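Q: have a look at this prediction, sequence included:
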Amino acid sequence: MKKNLKHSVIVVIGILLLNIVASYFYSRWDLTADKRHTLTETSKDLVEKIDTDILIKVYLEGDFPLDFKRLQQATKQHLEELKALNAHIHYRFINPSSIEEELIQNGMQPSRLTMEENGVVSEAIIFPWASIRFKDKDVQIALLTESQTDQKNQLQNSIEHIEYAFSEGIHKLTQKKRKTIAILRGNGELDDIYLYDFLKSLQEKYDLAPFILTKENAAPQEILADLQNFDLTVIAKPTQSFSETEKLVLDQYIVKGGKSLWLLDYVYAEMDSLQQSGAAFVTHRDLNLTDLLFAYGIRINHNLIQDLYSSKIALATGNVGNQTQFQQFLWSYYPLVTSKSDHPITKNLKGVNLKFPSSIDTLKNAITKTILLQSSPLSKKNGLPILVNLASIADEVKPEEYAEKEHVFGVLLEGQFESAFQHRTKSFETDFTPKGMPNKMIVLSDGDIIANQVLNGQPTRLDVDKWTGQQFGNKDFLLNAVDYLLDDTGLVAIRGKSLDIKLLNKEKVYEEKRFWQFLNIVVPLVLLGLFGVFFGYYRKKKYA
C-alpha cells in the first residue's frame, strides 16, 4: 500500500514539474499542408512590437450557415496565434444580436447569407466584423470579403484574408508616422468629386495633399524639393500636356526614390457626350509623356481596345407612360479585366472595369515589369481616329474579329530607373541624378479607373455602377496598388497566402444523409452489442 502511494506521489510531482518546465518553453507545430496556422514574418514583427494591451472584439457568434462556422473557427485560431505570440493581445467573441443598431451606426453593416439544410433554402443575417482598440484609437475590420461568385469562393477568400485584415488593422493603430501622398493638380486632372470615394479610403491610412507642378513665384528647384517630401504621387487622368520643366521635376522625383501611380488616358472619349449625340470620333490625346515613360521601359499606344468580356451600360429603349425604360447592354469599349499573375495587388479581386483603354507595350531594359491588368484573348485593337457609335451594340458579334492577342492595360515597374534627361538639355539647373535607388511605379492606360460616378450632385461608390448595379474591383485594385508602392512592412505580401479549404459537397451530403447516419449511429451500436454478447459468452464459458 505504501509502495503504491509512493509511486502515485512521484507521478504527481513529475507531472507538476513537467508542466512548470513546459510553461517556459513554448512551441507549436503547424502540420497542415498549406501552413494556415503559421504567421508570416510581417505579422510576427507587428505583433511583437506591441507593448500595450490591445483588445479585439469579434462579432461572429450566433446562428449562421455551418460553412461559415469555419470562418469563425479560423478567426479564433488566428487570434490564438497572436495571443500566444504576445500576451498584450486580448480577444473575445460577442453575439451581435443585442447591439445590432450600435454596430450599424459604427459602419459595420450586416451581411445576408443563404443557408441550405436538408434541401431547404433559407437566409441568415450575420455581422462578419471585428473591432480593434489600442490606447484611445479604434479600427473596424471586415472579415467577409465581397464576392460575385458563390459562397464557397467567398468563404475561401475570406479565410485567406484573415491574417492580412488583422495585420493591416494593427498596423493602422500602431504606426508612428503616416506616409504622405501628393495628388497632382494643374494639368487638367480629375476633380475631387470624382476622386472622392478613393481618396476617402486612402485617408484612413495616409496623409493626402494636392500638389501643383507649376506655381507662380516658385522656382522649379523649390517645387522639386517640395515634391520630394511626399512618398507617392498620384497622377489621375491629366488632360493637358506636360511641359519639359514639369517632366524634369517628375523625372528627378522618380529617379531619387519617389513612388508614382500613373492613370493616363491617351484617347479623347467620354460616355456622356457619346450618349447625347449617339456617335463620336475618338482621337488620341497628346500628354507629352511618351519619351518619359519610354525611358522607364513602357509605351502607351495611341489606339483603342475592344473586348468581348466587358461590363454593361444602361441605355434608354423607350417609354411606358411618362417613365423612360432602360435596358442593359454589353459595351465592348468597357473591358472587364483581370490578371493572370498571382501578384498580391490583384489576388482575389473582382473584375476591374476600364473605359476606352489603350494598350501598353513593355520595352526591354533593366526594369522588372509585372503585368497587372490585361484584356481577354477575345479583344481587338482599333487605330485612331475611329468613329464610335452606340448603334453598334445591335450589330452581330463576330468572334473571329476579336481573336487577337491579349492587350496589356496595367504594368508594375520595379528597379533602378534611369533619367529620361541624362543625355538631354535640362530646362533648369538642379542637382541632377542620372540613375537612382531601387524604386517602384505603376502605369495604367485608363484614367477613368479611379473615377467614381456622381448622382444628384453626390459622389457614388467607386466599385458599383450607379445605373446597372454591377460591382467591380477598381477600388480594391487601386488601394492594393498604393499599399504595395508604399509598403515597407510587407503587409501586401500577406495577400499571396493561399489556403486549401475543404468544404463539404452539400448535394452529396443531402443525397447520402441516411447512409452516413446509419453508418455512424446504428453500426457502432450493433458492433457494441455483438461484442457484449460475445464477451458474456466467453466469460460464462471460461468461468462456469
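A: Alright, I've got the coordinates. Numbering: from 1, shown residues only.
Q: and the lengthiest strand in the chain, how far out from the chain middle?
A: In the chain, with assignment by DSSP state E, the single longest strand is strand 323-337. Computed by CA atoms, centre = their mean, to the nearest Å, the separation of strand 323-337 from the middle of its chain amounts to 25 Å.
Q: could I get the average pLDDT for it?
A: Averaged across strand 323-337, pLDDT comes to 89.
Q: same check, this time on stretch 81-92
A: Mean predicted confidence for stretch 81-92 is 92.
Q: quick one: end-to-end length of that stretch, please.
A: Using CA to CA, to the nearest Å, the end-to-end distance of stretch 81-92 comes out at 14 Å.
Q: now stretch 281-290
A: 23 Å.
Q: still on that earlier bit, sheet partners, orientation included, of the longest strand of the chain?
A: Its sheet considered, strand 323-337 pairs with strand 310-320 (antiparallel), strand 352-353 (antiparallel) by DSSP bridges.
Q: list the buried ones in it?
A: With burial defined by 16 or more other CB atoms under 10 Å, the residues of strand 323-337 counted as buried are Gln328, Phe329, Trp331, Ser332, Tyr333, Tyr334, Pro335, Leu336, Val337. C-beta: built from backbone N, CA, C; applies to glycine.
Q: burial check on Leu113, number of neighbours?
A: 19 (other CB atoms under 10 Å).
Q: how close does it sit to Gly469?
A: Applying CB to CB, to the nearest Å, the value for Leu113 to Gly469 is 19 Å.
Q: swap in Leu143?
A: Relative to Gly469, Leu143 is positioned 24 Å away (CB to CB).
Q: helices along the stretch 201-350 of the chain, start to end?
A: 220-227, 244-255, 271-277, 290-296 (DSSP state H, counting those that start in this stretch).
Q: swap that for the chain, please
A: Under the criterion DSSP state H, the chain contains helices at 2-24, 41-48, 69-85, 100-105, 151-174, 192-202, 220-227, 244-255, 271-277, 290-296, 474-486, 506-511, 513-517, 523-543.
Q: quick check, central residue of this structure?
A: Central residue of the chain (CA atoms, centre = their mean): Asp476, 4.3 Å from the mean position.
Q: what sits against it?
A: Leu349, Lys350, Asp463 (CB atoms under 8 Å, 6 or more residues apart in numbering).
Q: one more pass at 6 Å, please.
A: Leu349 (CB atoms under 6 Å, 6 or more residues apart in numbering).
Q: how far away from the center of its chain is stretch 93-112?
A: That offset, for stretch 93-112, works out to 23 Å (CA atoms, centre = their mean).
Q: end-to-end on that stretch?
A: Stretch 93-112 end-to-end distance (CA to CA) = 20 Å.
Q: cool, stretch 334-354 as well?
A: End-to-end span of stretch 334-354 (CA to CA): 5 Å.
Q: now what about it, what contacts it?
A: 148, 157, 307, 309-311, 355, 370, 372-373, 375, 409, 446, 449, 472-474, 476-477, 480-481, 484, 492-493, 495-496.
Q: buried residues in it?
A: Using 16+ other CB under 10 Å as the test for burial, stretch 334-354 gives 334-339, 343-354.
Q: chain center to that stretch, what's the gap?
A: 10 Å.
Q: now swap in stretch 269-281 and tell me
A: 32 Å.
Q: that one: which residues count as buried?
A: Those would be Ala269, Met271, Leu274, Ala280, for stretch 269-281 by 16+ other CB under 10 Å.
Q: what's the answer for stretch 237-250, then?
A: Those would be Lys237, Pro238, Phe242, Thr245, Glu246, Lys247, Leu248, Val249, Leu250, for stretch 237-250 by 16+ other CB under 10 Å.
Q: for the residues you listed, give me JSON lines that also has pLDDT.
A: JSON lines is the format used below for the buried residues of stretch 237-250 (pLDDT from 0 to 100):
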{"residue": "Lys237", "pLDDT": "97"}
{"residue": "Pro238", "pLDDT": "97"}
{"residue": "Phe242", "pLDDT": "97"}
{"residue": "Thr245", "pLDDT": "95"}
{"residue": "Glu246", "pLDDT": "96"}
{"residue": "Lys247", "pLDDT": "97"}
{"residue": "Leu248", "pLDDT": "96"}
{"residue": "Val249", "pLDDT": "97"}
{"residue": "Leu250", "pLDDT": "97"}
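Q: tell me the one among the residues you listed nearest to His161.
A: Of all the buried residues of stretch 237-250, Lys237 has the smallest distance to His161: 30.0 Å, by CB to CB.
Q: quick one: the closest residue in space to the closest one that isn't next to it in sequence from Ala295, how far?
A: In space, and not counting its chain neighbours, Lys237 is closest to Gly447: 2.6 Å by CB to CB, 6 or more residues apart in numbering. According to CB to CB, Gly447 stands 21 Å off from Ala295.
Q: these two: which is more packed in?
A: Gly447 (26 against 22).
Q: enumerate every residue touching that one.
A: Lys237, Leu263, Asp265.
Q: how does it look with 7 Å?
A: When contacts are counted by CB atoms under 7 Å, 6 or more residues apart in numbering, Gly447 touches Leu190, Ala236, Lys237, Leu263, Leu264, Asp265.
Q: pick out the most distant pair among the residues you listed.
A: Leu190 and Leu264 (11.8 Å).
Q: sorry, back to before: and the longest strand of the chain with helix 474-486, angle?
A: 30 degrees (axes from the mean of the first three to the mean of the last three CA atoms, to 10 degrees).
Q: walk me through the domains of the protein.
A: 28-174, 180-450+480-496, 506-537 (automatic domain parsing).
Q: could those domains go into JSON lines alongside distance to Asn19?
A: As requested, the domains of the chain are exported to JSON lines (distance: least, CB to CB, whole Å):
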{"stretch": "domain 28-174", "distance to Asn19": "16"}
{"stretch": "domain 180-450+480-496", "distance to Asn19": "35"}
{"stretch": "domain 506-537", "distance to Asn19": "35"}
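Q: residues near Asp207, how many?
A: 13.
Q: so it is in contact with Thr180, correct?
A: Yes - here Asp207 reaches Thr180: they are 4.7 Å apart, a contact under CB atoms under 7 Å.
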